[in-house]
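Undergrad: Sequence first, then the predicted structure, then my questions.
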Amino acid sequence: MARSETRPVVTLRSTAGTGRTYVTRKNRRNDPDRLVLRKYDPAAGQHVLFREER
């Protein structure tokens, strides 16, 4: 599968301050703003918000 400009790879960093990151892709047409997902942070031991880094 070819790399696409409309679906770039983004890094999500935990808002809990633990330094945990996730890597995912997003669709720029559907989500032009920074992506925010609620995911599990093993260092914090709970689900927290992960925000897109640039």
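TA: It's in.
Undergrad: which residues does the residue nearest the centre of the chain bridge with?
TA: Relative to the mean C-alpha position of the chain, the nearest C-alpha, by CA atoms, centre = their mean, is the one of residue 12, at 2.8 Å. Here residue 12 shows beta-bridge partners residue 22, residue 52, assigned using DSSP bridges.
Undergrad: Contact partners for it?
TA: Taking CB atoms under 8 Å, 6 or more residues apart in numbering, we find residue 12 in contact with 21, 22, 23, 24, 35, 37, 39, 50, 51, 52, 53. Quick note: C-beta positions are derived from backbone N, CA and C, even for glycine.
Undergrad: make it 6 Å
TA: Applying CB atoms under 6 Å, 6 or more residues apart in numbering to residue 12 gives the contacts 22, 50, 52.
Undergrad: pLDDT score for the closest residue to the second one other than its chain neighbours?
TA: It stands for residue 50. Of all residues beyond its chain neighbours, the one nearest residue 50 is residue 12 (3.9 Å), with distances taken as CB to CB, 6 or more residues apart in numbering. Residue 12 is assigned a pLDDT of 97 by the prediction.
Undergrad: ditto for residue 2
TA: Listed pLDDT for residue 2 reads 72.
Undergrad: neighbours around it, how many?
TA: Using other CB atoms under 10 Å, residue 2 has 3 other residues around it.
Undergrad: ok, now the one 4 residues further on?
TA: Counted with other CB under 10 Å, residues neighbouring residue 6 total 10.
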